[in-house]
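Trainee: Please find the sequence and the predicted model below.
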Amino acid sequence: MKNIQLVIGLVFLAIFLVFAVFGAHLPFVDHELKEETMQMSGTKIIIPPYPPSKEHLLGSDNKGRDLLSLLIMGTKETLLFVTLVAVIRYLIAVPLGMAATISKPINAFLSSWNYILSFIPPIFLVALLLGIPFIYFSRFLPFWFVVILSSIEVGRLATIVKNDTKYVSNQLFVKAAISTGCTRVKLFTRHIFPHLKSQLLTSFVNDMARVLFLLSQLAVVQLFVDRKFTSELDGSYSAENTSLAYPMYLQSVSSDVWSSYWVPLSAVLFISVMIITFLLIADGLKKYFKMKYRMLG
Amino acid sequence: MPLIFQLGKSILAWMIATLIILFIILMPRDVTYETSTGNVFEDAQYHYSWAKHKDSFITFFSYLEDNKSLGDYRPGYPNSELLSRTLKKSLAIVLPALILSFTFGVLKGMMDYRFSKYKLWSYPAKGATWLFLSIPDFFVVVGIQLLLMFLYSIGLLPHITLFGSDNFENVILGIIYLSIYPLIFTAKMTYTSLEEEEGKDYIRTAYSKGMSFKKVVYIHIFRNAIIKILQHLNTISLFVLSNLFIIEKFTAYRGAGFYFMEAVYPGASFVVGQSKDLGNAALAISYTVIFTLIILMVHLLSQTCNYFLTPYDPEEDAF
């Protein structure tokens, strides 16, 4: 077994997929996510969040919902969201990057766009855009979230695609194909794309890890994928997170670490394992394609 | 490309980036609320108007011109004071973090390269590098916090304040949290660029003249590798700055990152009838200009170093 990364990564991914698809039917999962407002211990009343116990393996959140069940039920949303953002990014980045290899204006636009964005920390740009009232009050916040998260990194990915395409087009076998009279379409479908495919797949999986990381950073500064406005006692309204995705348990991390360390710890653990899974698969894929195509370097 | 031209390009890009942010910050934010009986929030409508957007630009700059000040954060507490106080706090962790992570990163990379010939060292070192680059750094932060709490609770450590920004240990911990990822990243970049030079002709020549391994690594290879390493300085500084928001939130360190986020994002709550203005646009804009200026300075620094350290014209050397 040479490709240990790929195997471990795929095993973990399989577990996550089982959580995502059958999560609600697993025996130890409370699929209704019952809110337990208090527990009796002898004569004492305990209010949530409850620490880890036999009943709640990972403890509970501040509404008394079982944390393990919440995280397992949230797997589907997390995976779906991360995949969606990554897919949109690549749907735009791949044509853009390829166009940049042949068109000079597009190339100039792409590199200056990237250069300008390199002055703005991405998390700050996202916060700024999400604060625009049009988006802030939108009923389709998840949609806007996906759009913003996809678009801020498109430039970087397009550049990667551009460099990969350039690298492959400069190889001898492409020049040989051109000199033997290959048509443009065939040149692309038969010679360039098969090489590009492997690199694209690798960086796609890599990118899923980046999306999840960014999403977690955003959750720490209290930007949620979806929320509802609930009325407060003083007549104001506050945004309450309604998403089940993993990063959402990080929203009050600095106070939770004191009082209920198990909430951020479990969330961070799930996020980290998922990120590592993606990176392992990416590394494994790279190795796999390298062996398959006997690529150098 | 002459140096002046390169630097000018950076400054131009910086100006455009700042303008884009200014444009978003000064966007008019009037909202009409739709309420049902009893003033219960139903929905909110937003209409953008270009004239208003232009007005807010004019108002902002004329205010600056007339008052020669950035306005007040709270009555009697000017923005400028908040700015200088929080910036001092944040720079106290950002600058050491940048310098430490870069120097120690390069040193670690060189050490990894030096020992890469010994399997006993290189396998665990490579594994650790991969792991540290993979796990999100907030995991490391939460881990360290919980570990310190645990060590304190069993009496192995004196009391350490993990949260806040007033104590000496907060600064030290902040520096540690901020520099972990950039350090490992620099180490990896150093290692790869040293490795890339390995088989080249000038190295073989140096060896064949009887030069020792140490001398070749530290003088010949490093001289060329440092050019590539310096190119990553931009990435590292951007990373440190965006991580500042997160670390300050995690540790309740009340520095520039914390107030910046507060000034930029209108917050998770609102009152019906209230406008969704960024309460303090002047503050948000000043932070933006300063943060991007730091990045610009790093850009200029890395470009200048790159220019003077590269002994050949990289564009001529493309093939």
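Mentor: Now that the structure is in, tell me what you want to look at.
Trainee: contacts, neighbours, all on C-alpha from now
Mentor: Will do.
Trainee: How about the contacts made by A:Val174?
Mentor: When contacts are counted by Cα atoms under 8 Å, 6 or more residues apart in numbering or on different chains, A:Val174 touches A:Val168, A:Leu187, A:His191, A:Ile192.
Trainee: doesn't it fall inside a helix?
Mentor: Yes. Assignment of A:Val174 by DSSP: H, G, I helix; E, B strand; the rest coil places it within a helix.
Trainee: Could you measure from the closest residue to chain B within the stretch 101-250 of chain A over to A:Thr230?
Mentor: Closest approach between the stretch 101-250 of chain A and chain B, counting by Cα to the nearest Cα: A:Ser238, at 3.8 Å. The gap separating A:Ser238 from A:Thr230 is 6 Å, by Cα to Cα, to the nearest Å.
Trainee: between those two, who's got more neighbours?
Mentor: Between A:Ser238 and A:Thr230, A:Ser238 has the larger neighbour count (other Cα atoms under 10 Å in any protein chain shown), namely 17 against 14.
Trainee: ok, so what distance separates that one from A:Asp256?
Mentor: Using Cα to Cα, A:Ser238 is found at 20 Å from A:Asp256.
Trainee: B:Pro28 too?
Mentor: Using Cα to Cα, B:Pro28 is found at 36 Å from A:Asp256.
Trainee: higher neighbour count, those two?
Mentor: Using other Cα under 10 Å as the criterion, B:Pro28 and A:Asp256 rank with B:Pro28 on top: 26 against 19.
Trainee: Leaving aside the residues adjacent along the chain, what's closest to that one?
Mentor: Using Cα to Cα, 6 or more residues apart in numbering or on different chains and skipping the chain neighbours, the partner closest in space to B:Pro28 is B:His53 (5.5 Å).
Trainee: Just to check, the one you found is in contact with B:Leu26?
Mentor: Yes. Between B:His53 and B:Leu26 there is a contact at 6.7 Å, judged by Cα atoms under 8 Å.
Trainee: For B:Phe41, give me the backbone phi and psi.
Mentor: phi -60, psi 130 (degrees, to the nearest 10).
Trainee: Intersect the contacts of A:Val174 with the contacts of chain B.
Mentor: Within the set of these, contact with chain B (Cα under 8 Å from any Cα of the partner chain) is found for no member.
Trainee: Spatially, which two of those residues are the most separated?
Mentor: Farthest apart among those by Cα to Cα are A:Val168 and A:Leu187. That separation is 11.4 Å.
Trainee: quick one: the strands in the stretch 1-150 of chain B?
Mentor: In the stretch 1-150 of chain B, the strands defined using DSSP state E, counting those that start in this stretch lie at B:31-36, B:40-46, B:72-74, B:77-78.
Trainee: and A:His191, what does it touch?
Mentor: By Cα under 8 Å, 6+ apart, the residues touching A:His191 are A:Phe173, A:Val174, A:Ala177.
Trainee: Which one of the residues you listed is nearest to B:Leu91?
Mentor: Comparing these against B:Leu91 with Cα to Cα places A:Val174 closest, at 51.2 Å.
Trainee: buried stuff in the longest helix belonging to chain A?
Mentor: Counting by DSSP state H, the longest helix found in chain A is helix A:67-102. Residues A:67-79, A:81-90, A:92-94, A:96-101 are the ones in helix A:67-102 that count as buried (16 or more other Cα atoms under 10 Å in any protein chain shown).
Trainee: is it up against chain B anywhere?
Mentor: No. On the criterion Cα under 8 Å from any Cα, helix A:67-102 is out of touch with chain B, staying 15.7 Å away.
Trainee: what's the neighbour count on residue 188?
Mentor: Assuming you mean chain A. Neighbours of A:Phe188 (other Cα under 10 Å): 15.
Trainee: look at chain B instead
Mentor: There are 24 residues near B:Lys188, going by other Cα under 10 Å.
Trainee: Checking B:Gly164 next. Helix, strand or coil?
Mentor: What three-state DSSP gives for B:Gly164 is coil.
Trainee: wait, doesn't it sit right on B:Phe250?
Mentor: No. Assessed by Cα under 8 Å, B:Gly164 is found out of contact with B:Phe250, at 9.8 Å.
Trainee: So which of those two has more stuff around it?
Mentor: Per other Cα under 10 Å, whichever of B:Gly164 and B:Phe250 has more neighbours is B:Phe250, with 26 against 17.
Trainee: if I look at the more buried one, how far off is A:Ser150?
Mentor: According to Cα to Cα, B:Phe250 and A:Ser150 sit 26 Å apart.
Trainee: now swap in B:Gly210 and tell me
Mentor: Distance of B:Gly210 to A:Ser150, given as Cα to Cα: 54 Å.
Trainee: The two - which one has more neighbours?
Mentor: Neighbour tally, B:Gly210 and A:Ser150, criterion other Cα under 10 Å: the higher count belongs to A:Ser150, 21 against 9.
Trainee: which residues does that one contact?
Mentor: By Cα under 8 Å, 6+ apart, the contact set of A:Ser150 is A:Val85, A:Ala86, A:Ile88, A:Arg89.
Trainee: part of a strand, is it?
Mentor: No. The assignment for A:Ser150, made by three-state DSSP, is helix rather than a strand.
Trainee: if we can go back for a sec, for the contacts of A:Val174, pick the one with the most neighbours.
Mentor: Going by other Cα under 10 Å, A:Ile192 tops these with 20 neighbours.
Trainee: who are the neighbours in contact with it?
Mentor: With contact taken as Cα under 8 Å, 6+ apart, A:Ile192 is in contact with A:Thr165, A:Val168, A:Ser169, A:Val174.
Trainee: now it: how far from A:Lys162?
Mentor: 12 Å.
Trainee: try B:Ala284
Mentor: For B:Ala284, the distance to A:Lys162 - Cα to Cα - is 36 Å.
Trainee: Check B:Ile180 too.
Mentor: Separation of B:Ile180 from A:Lys162 (Cα to Cα) stands at 31 Å.
Trainee: Spatially nearest residue to residue 16 (excluding sequence neighbours)?
Mentor: Using chain A. Spatial nearest neighbour of A:Phe16, chain neighbours left out: A:Thr75 (6.8 Å); criterion: Cα to Cα, 6+ apart.
Trainee: look at chain B instead
Mentor: Sequence neighbours aside, A:Ile116 is the residue nearest to B:Ile16 in space, at 6.9 Å (criterion: Cα to Cα, 6+ apart).
Trainee: Does the one you found touch B:Lys9 like I think?
Mentor: No. In this structure A:Ile116 lies outside contact range of B:Lys9 using Cα under 8 Å: 10.1 Å.
Trainee: Between B:Ile180 and A:Lys162, point out the one with more neighbours.
Mentor: Higher neighbour count among B:Ile180 and A:Lys162: A:Lys162, with 23 against 20, using other Cα under 10 Å.
Trainee: Would you mind confirming that that one is in contact with A:Thr101?
Mentor: Yes. Judged on Cα under 8 Å, A:Lys162 makes contact with A:Thr101 at a distance of 5.8 Å.
Trainee: tell me how far the helix or strand containing A:Leu196 is from the chain's mean position?
Mentor: Under the criterion of DSSP states H and E, A:Leu196 resides in helix A:193-220. Distance of helix A:193-220 from its chain centroid, counting by Cα atoms, centre = their mean, to the nearest Å, is 7 Å.
Trainee: Alongside chain A, which residues does the stretch 101-250 of chain B contribute?
Mentor: Contact residues, the stretch 101-250 of chain B versus chain A (Cα under 8 Å from any Cα): B:134-136, B:138-139, B:142, B:146, B:238-239, B:241-242, B:245-246, B:249-250.
Trainee: tell me which of those residues is nearest to A:Leu201?
Mentor: B:Ser134 (18.4 Å).
Trainee: how about that closest one, what does it touch?
Mentor: Counting by Cα under 8 Å, 6+ apart, the residues that B:Ser134 touches are A:Ile275, A:Ile276, A:Leu279.
Trainee: what's the distance between A:Ile271 and B:Pro136?
Mentor: Relative to B:Pro136, A:Ile271 is positioned 8 Å away (Cα to Cα).
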